[in-house]
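Trainee: Kindly generate the corresponding structure for this input.
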Amino acid sequence: MKVWVICEDRWHPADTIRQGLAQLDENEFQFTLTDRVEEFDPARLGDYPVVLVCRSNSQSDEEKAYWMNENVQQAFEHYVERGGALLAVHAGTAGYDKEEGLFRRLLGGVFTHHPEACEVTIRPDKQHPIAAGIEEFAVHDEHYFMEWEDPVADLIMTTVSKHGAQPGGWTRTYGRGRVAVLTPGHELGVWTHPRYLRLLRSALYWCAKQAPAGQSI
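Mentor: Residues are numbered from 1 along each chain as shown. Predicted structure coming up:
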């Protein structure tokens, strides 16, 4: 499966994502990483069955403009409406204010804030095909608090810490396409945790409307 990975911002280095994705079977997935936002070309979206967004819509000393402009938002919407698949992980949900309403609507919810990194327990909903058979586990990570805007989205998992409980991931359909969100993923230890990798792998297959051998998605 070809997957286009959009990553790298001031707080979320591409190397973390790169090391995590390297844990997945290269015979199953062929990842193309774009870690310079100026190299992102919306016209290429249709070349990939799944697009994985792991960077925020942030500004920094190096990047003066938000990358998710109106044209990019429209390109993502058209891509998913026509049958493409979008998976947003951790920072891929961050930095989208009301001005980026189109992408917010596509995701079905966005990041609002997080406390200091702490122990976060991930409780998969085993009724969801992405989380089937995956037991609860704990990681040290930023606990993302979310503004969940789609009441009919299907919950993949709940994240729990001393700060409370939050929706930790969900799926939804949009036109002919699929969208999934996973909120953990700041620390490398999350990306290399076997159970998180199972969630990530299953989410990629679910988004692409494909099933791993011996499973149904």
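
Trainee: Now do the buried residues in the helix ranked longest in the chain.
Mentor: If you go by DSSP state H, the chain has its longest helix at helix 194-207. Under the neighbour-count criterion of 16 or more other Cβ atoms under 10 Å, helix 194-207 has 195-207 buried. (Each C-beta comes from the backbone N, C-alpha and C, glycine too.)

Trainee: from those, which is closest to residue 140?
Mentor: residue 196 (12.1 Å; Cβ to Cβ).

Trainee: confidence score at that closest one?
Mentor: Looking at residue 196, its pLDDT reads 98.

Trainee: ok, back up a step: would you put the C-alpha positions of the longest helix of the chain in CSV?
Mentor: The C-alpha trace of helix 194-207 is given here as CSV (Å, rounded to 0.1, in the frame of the first residue of the first chain):
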residue,chain,number,x,y,z
PRO,A,194,3.7,-3.0,19.6
ARG,A,195,0.0,-2.3,20.5
TYR,A,196,0.1,1.2,19.1
LEU,A,197,1.7,-0.1,15.9
ARG,A,198,-1.1,-2.6,15.6
LEU,A,199,-3.6,0.3,15.9
LEU,A,200,-1.7,2.3,13.3
ARG,A,201,-1.5,-0.7,10.9
SER,A,202,-5.2,-1.4,11.2
ALA,A,203,-6.1,2.2,10.8
LEU,A,204,-4.2,2.4,7.5
TYR,A,205,-5.9,-0.7,6.2
TRP,A,206,-9.3,0.5,7.4
CYS,A,207,-8.8,3.9,5.7
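
Trainee: Mind listing residues that contact that helix?
Mentor: With contact meaning Cβ atoms under 8 Å, 6 or more residues apart in numbering, helix 194-207 is reached by 1, 3, 20, 23-24, 28-29, 50, 52, 85-87, 89, 122, 124, 129-132, 134-135, 137, 139, 156-157, 169, 171, 178-180, 182, 184-185, 190-191, 211-212, 215, 217.

Trainee: What are the boundaries of the strands in the protein?
Mentor: Using DSSP state E, the strands found in the chain span residues 2-6, 30-34, 50-53, 85-89, 109-113, 118-124, 137-141, 145-148, 154-161, 164-174, 177-182.

Trainee: So which helix or strand of this structure has the lowest pLDDT on average?
Mentor: helix 101-107 (a mean of 92; mean pLDDT, DSSP states H and E).

Trainee: Can you tell me how far the residue nearest to residue 183 when sequence neighbours are not counted is from residue 111?
Mentor: Spatially, and ignoring its direct neighbours in sequence, residue 183 is nearest to residue 144 (4.1 Å; Cβ to Cβ, 6 or more residues apart in numbering). Between residue 144 and residue 111 the computed distance is 5 Å (Cβ to Cβ, to the nearest Å).
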